[in-house]
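> Task: produce atomic coordinates for the following.
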Amino acid sequence: MLTRLTVILLFAAPVFAQNSPGPPPIDRKNNADRIRQQDMSRREYQLRNFGTEPSAPKDRRQIEALMAQTEEDFNRILTRHNEIARVIQSKDALDYRFVSDATGEIQKRASRVQSTLALGLSDEETRGAGKLEEFKDSEMKDALIKLCKQIRSFVTNPIIENPNTIDAQQLTKARLDLESVIQLSAQLKKDADKLKAQK
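Residues are numbered from 1 along each chain as shown. As a prediction, this is how the structure comes out:
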């Protein structure tokens, strides 16, 4: 995984630029296309300039520390995923203290991965994302199953498993999957805290 992250962090921009089919034609009358084009240009600029921006790591030690932190975040997300999967398979009632701790850690670490790998959503995608409803006690296991599926979808995305396959479509899917993990884990933590207080 560390080797994969090294490639993602250091070579995402050139690979993305080579494999990108290019922006769609712009219809000057269509504001959505113009916004999409501007956002795509901004993201490509960020990827190309990773490591040269003022807030980016300046030396090899900082880059290695960043990679180690990202590796740890991935591993902890996977560990928590596995713990949740075992809890879901159990016939016992959910321990909401565990659910709160696990989903809280997933949300924190997934947010850091999102920031480190520059996988945030565009303004347009953020506006299109629906707000999650509160989960009731009877819905929590299904919501945890959904969270596990979203984590699996993100970590098995070709740009994570094999960075040489980076393309615009897979990059978009990775960003959407990661954002879904962040939003879903945050909602699950909030609801688990409420349910824990009621017991």
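
> which intervals of this protein have sub-threshold pLDDT?
Applying pLDDT under 70 to the chain flags the ranges 1-58, 123-130, 163-166, 199.

> Where do the helices of this protein begin and end?
Along the chain, the segments classed as helices by DSSP state H run 2-19, 31-48, 60-89, 96-116, 123-128, 140-155, 158-161, 168-198.

> Go through stretch 72-82 and flag the buried ones.
By 16 or more other CB atoms under 10 Å, the buried positions in stretch 72-82 come out as 73-74, 77, 80-81. In this view, the C-beta of every residue, glycine as well, is placed from N, C-alpha and C.

> hang on, the earlier thing: quick one: closest of the helices of the chain to residue 134.
Residue 134 lies closest, by CB to CB, to one member of those: helix 168-198, at 5.7 Å.

> Which residues are in contact with the closest residue to residue 143 other than its chain neighbours?
Closest residue to residue 143 apart from its sequence neighbours, by CB to CB, 6 or more residues apart in numbering: residue 135 at 4.7 Å. Residue 135 is in contact with 143, 187-188, 191, counting by CB atoms under 8 Å, 6 or more residues apart in numbering.

> change it to 10 Å
141-144, 146, 184, 187-188, 190-192, 194-195 (CB atoms under 10 Å, 6 or more residues apart in numbering).

> Check residue 177 too.
110, 119, 149-157, 160.

> Could you tell me the phi and psi values at residue 132?
Backbone torsions for residue 132, taken as degrees, to the nearest 10, come to phi -80, psi 140.

> Would you confirm that it contacts residue 147?
No - using CB atoms under 10 Å as the test, residue 132 is too far from residue 147 to be in contact (11.1 Å).

> more crowded one of these two?
Using other CB atoms under 10 Å, the more surrounded residue of residue 132 and residue 147 is residue 147, with 25 against 15.

> mind checking how far that one is from residue 197?
21 Å (CB to CB, to the nearest Å).

> now swap in residue 82 and tell me
Per CB to CB, residue 82 is found 27 Å from residue 197.

> Then residue 110?
25 Å.

> between these two, who's got more neighbours?
residue 110 (29 against 8).

> so who does the more buried one touch?
With CB under 10 Å, 6+ apart, residue 110 has these contacts: 73-74, 76-77, 80, 119, 150-151, 154, 177-186.

> what does residue 76 give?
Residues near residue 76 by CB under 10 Å, 6+ apart: 105-106, 108-110.

> Apply 8 Å and report the result again.
By CB under 8 Å, 6+ apart, the residues touching residue 76 are 105, 109.

> swap in residue 182?
Listed by CB under 8 Å, 6+ apart, the contact partners of residue 182 are 107, 110-111, 114.

> By neighbour count, which of those wins?
Ranked by the number of neighbours (other CB under 10 Å), those place residue 110 first, at 29 neighbours.

> still on that earlier bit, please report the distance of the residue nearest to residue 143 from residue 72.
As for residue 135, its distance to residue 72 is 28 Å (criterion: CB to CB).

> Next: residue 152.
Residue 152 sits at a distance of 19 Å from residue 72 (criterion: CB to CB).
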